[in-house]
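Participant: Structure for the following, please:
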Amino acid sequence: MSTRKKITLLATSSAASIGVTYFAFIIHNPVLAVVAPVLLAFVPCLVMCGVVGGSMLLIPRLSKNKKQPPCNCGLHHVTKQEEAEKNS
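Facilitator: Residues are numbered from 1 along each chain as shown. Purely as a prediction, here's the structure:
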């Protein structure tokens with residue numbers, strides 16, 4: 001299955017589950033029907049922040065290029081490999 005189809009499937013299933021949950025709240029509790037859109041607006045933001053923050057933390061650590069500096073700030077950061085070569 002291609003990446004585009006996977007993304008479409010994930011987005012569709014997420015939207016369907018959110019819709020079913022919302023209509024279940026409307027039928028059983030009108031107060032939850034009012035609160036649900038507010039929660040649905042903030043929860044994706046928190047998830048997105050967690051994913052972006054986690055990727056910023058983990059991508060340099062999981063990189064195959066170990067000589068790559070940990071950030072792109074323009075300064076030269078000494079890697080562990082350079083430090084080991086300097087000490088030996």
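
Participant: Figure out how far the longest helix anywhere in the chain is from the centre of its chain.
Facilitator: Identified as the longest helix of the chain according to DSSP state H is helix 30-62. Centre-to-centre, helix 30-62 and its host chain are 8 Å apart (CA atoms, centre = their mean, to the nearest Å).

Participant: Which residue lies nearest the spatial centre of this protein?
Facilitator: In the chain, the C-alpha nearest the mean C-alpha coordinate belongs to Val51, at 2.0 Å (CA atoms, centre = their mean).

Participant: if we can go back for a sec, tell me what the longest helix of the chain is packed against?
Facilitator: Counting contacts by 3 or more CB pairs under 8 Å, 6 or more residues apart in numbering; DSSP states H and E, helix 30-62 packs against helix 3-28. To be clear about C-beta, it is placed using only N, CA and C from the backbone, and glycine gets the same treatment.

Participant: Kindly provide the distance from the residue nearest to the centre of the chain to Ile18.
Facilitator: For Val51, the distance to Ile18 (CB to CB, to the nearest Å) stands at 18 Å.

Participant: for Ala84, same thing?
Facilitator: Ala84 is 51 Å from Ile18, by CB to CB.

Participant: Pick out whichever of those two has more residues nearby.
Facilitator: Ile18 (14 against 9; other CB atoms under 10 Å).

Participant: Could you pull up the contacting residues of the more buried one?
Facilitator: Taking CB atoms under 8 Å, 6 or more residues apart in numbering, we find Ile18 in contact with Leu40.

Participant: Starting from Val43, give me the distance back to it.
Facilitator: The value you get for Ile18 to Val43, if CB to CB is used, is 10 Å.

Participant: can you check Leu57 too?
Facilitator: Counting by CB to CB - Leu57 and Val43 are separated by 21 Å.

Participant: Then Val35?
Facilitator: 12 Å.

Participant: cool, Ser55 as well?
Facilitator: For Ser55, the distance to Val43 - CB to CB - is 19 Å.

Participant: if we can go back for a sec, what pLDDT does the residue nearest to the centre of the chain get?
Facilitator: As predicted, Val51 sits at a pLDDT of 84.

Participant: How about the one 3 residues further on?
Facilitator: Predicted confidence (pLDDT) at Gly54: the value is 79.
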